[in-house]
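Asker: Any chance you could fold what I've pasted below:
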Amino acid sequence: MLTRILAALALLTRIPVRRPAQATPLLPVIGALVGVAQVFVLHLLAPFLPPLLLSVSLLAVAACLTGALHLDGLADTADGFGGGHSREETLRIMRDPAIGTYGAVAVMLMLMARASALSTLIERRAAGPFLLLAPALSRWTMVALGHALSYARPEDGLGSLAGTVTRRQLALATAITAAVSVAARGQYAIAAWGAAIGVTVICGRIFARRLGGFTGDTLGANSELTEAAVLLTGVVLTR
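Answerer: All right, here's what the predicted structure looks like:
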């Protein structure tokens, strides 16, 4: 189990550990750890920073821990889907490491939306549960998409590590995420799950239609969209 957790850390974060095993079912654990780090920073800096600056600090913590990996996936997906007119062209654009206009706008809007939602939750003293729910659920969606769809590229890539997810692996990831949900705040969990599943179903259908499956970039994009959806759900629930 420890070996798989280390593998998941290597896959989803910048922590320098080796990736010695298949760790897909434990991706929600890494999401939860990112959430724990953000909650720690929230309590540490809350007496000193106003809500908006604090929310930006929390996003910076997540970006540093993950190497902005999922934001990069969002940017590449936006560029590919915005500029590509065929499956092949979309995949080619997504492979390009340069960021285009669609990608830049997508990342900017995503960060603004999440910072605004977090700021509101901080003002309402309700940010803690959603800082745990959002990253755990977003990593669970990676496992779910890996089970539901095929890997879209003919060659191997980072996203291929999530391919061929078995029912047993999906069940384990779901159980872990459910445990995190209960620990975070049970009364918000059902709505947060609904938001995560809704985003993933919609995105999964788009990915299947445009690409014939998923890539590492689309997993990252779906993860970012899921986090934003869960945070916005929190804003609605805590009015």
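
Asker: Look up how far Leu118 lies from the nearest residue to Arg87 once chain neighbours are set aside.
Answerer: Spatial nearest neighbour of Arg87, excluding adjacent residues (Cβ to Cβ, 6 or more residues apart in numbering): Leu211 at 5.8 Å. C-beta: built from backbone N, CA, C; applies to glycine. Using Cβ to Cβ, to the nearest Å, we find Leu211 at a distance of 31 Å from Leu118.

Asker: now swap in Ala104 and tell me
Answerer: Counting by Cβ to Cβ, the gap from Ala104 to Leu118 is 21 Å.

Asker: These two: who's more crowded?
Answerer: Leu118 (27 against 13; other Cβ atoms under 10 Å).

Asker: My understanding was that the more buried one contacts Val61; is that so?
Answerer: No. Applying Cβ atoms under 8 Å, one finds Leu118 not in contact with Val61, separated by 11.4 Å.

Asker: Where is the longest helix in this protein?
Answerer: helix 167-211 (DSSP state H).

Asker: pLDDT averaged over that one - what is it?
Answerer: Average pLDDT, helix 167-211: 93.

Asker: Mind giving me the packing neighbours of it?
Answerer: Packing partners of helix 167-211 (3 or more Cβ pairs under 8 Å, 6 or more residues apart in numbering; DSSP states H and E): helix 27-45, helix 87-95, helix 127-148, helix 216-237.

Asker: Please identify the most buried of the ones you listed.
Answerer: Among the helices and strands packed on helix 167-211, ranked by average contacts under mean count of other Cβ atoms under 10 Å, first place goes to helix 127-148 (a mean of 27).
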